[in-house]
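Colleague: Quick one, fold the following:
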Amino acid sequence: MARFYDLDEANAAIPEVRTILESLRDQRAELIRLRDAVLAHATEDESRGEGRGDATTEAKTDADVRVLRLRMQGVIDRMQAGVVRIDEMGITLREIETGLIDFPALASGRQICLCWRLGEDDVAWWHELNDGFDGRRALADLT
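Modeller: Numbers count the residues shown, from 1 in each chain. Have a look, this model is predicted:
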């Protein structure tokens, strides 16, 4: 059975969710940095011409790439744990970069989403299920 949040419950969840989302945002940035480092190694290999460098340099590059990929997997594992925690709370993660989430809620017997993202103090927005962020409206407009 789906969980529905009222405004007080959603706001009470914000401190934990904020911590998770800030970690996810930072981990996403780290993953991109690591990916770029792996791609830089591939570009270096291409510019050197594979198989034409000395064996020691190639072995070091291969080892560096393996370490980077292991670190990437560690970041991915931590990110998955954060996403699972948000899912366990019954919250929908919309976007990691901005920390956009939706709390399922009921208003006048219909399902809506209470909308929040990193940088906002409290939940102050809502939208219909199919509207998404662009359809956000102030809670004061909720009828």
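
Colleague: So for the lengthiest helix in the chain, mean pLDDT?
Modeller: Scanning the chain for the longest helix, with DSSP state H as the assignment, gives helix 7-48. Helix 7-48 shows a mean pLDDT of 92.

Colleague: and that helix, what does it pack onto?
Modeller: Helix 7-48 sits against helix 55-88, strand 100-107, strand 110-116, with contacts defined as 3 or more CB pairs under 8 Å, 6 or more residues apart in numbering; DSSP states H and E. All C-beta spots, glycine's among them, are computed from the backbone N, C-alpha and C.

Colleague: and the gap between the residue nearest to the spatial centre of the chain and Gln27?
Modeller: Residue closest to the mean C-alpha point of the chain, counted by CA atoms, centre = their mean, is Ile96 at 2.7 Å. Counting by CB to CB, to the nearest Å, the gap from Ile96 to Gln27 is 8 Å.

Colleague: Give me the common contacts of those two.
Modeller: In terms of CB atoms under 8 Å, 6 or more residues apart in numbering, Ile96 and Gln27 are both contacted by the residues Met79.

Colleague: can you tell which of the helices and strands packed on helix 7-48 is closest to Leu21?
Modeller: strand 100-107 (7.1 Å; CB to CB).

Colleague: How about the contacts made by Met95?
Modeller: Check again: residue 95 is Glu, not Met. Neighbours of Glu95 in contact, by CB under 8 Å, 6+ apart: Arg117.
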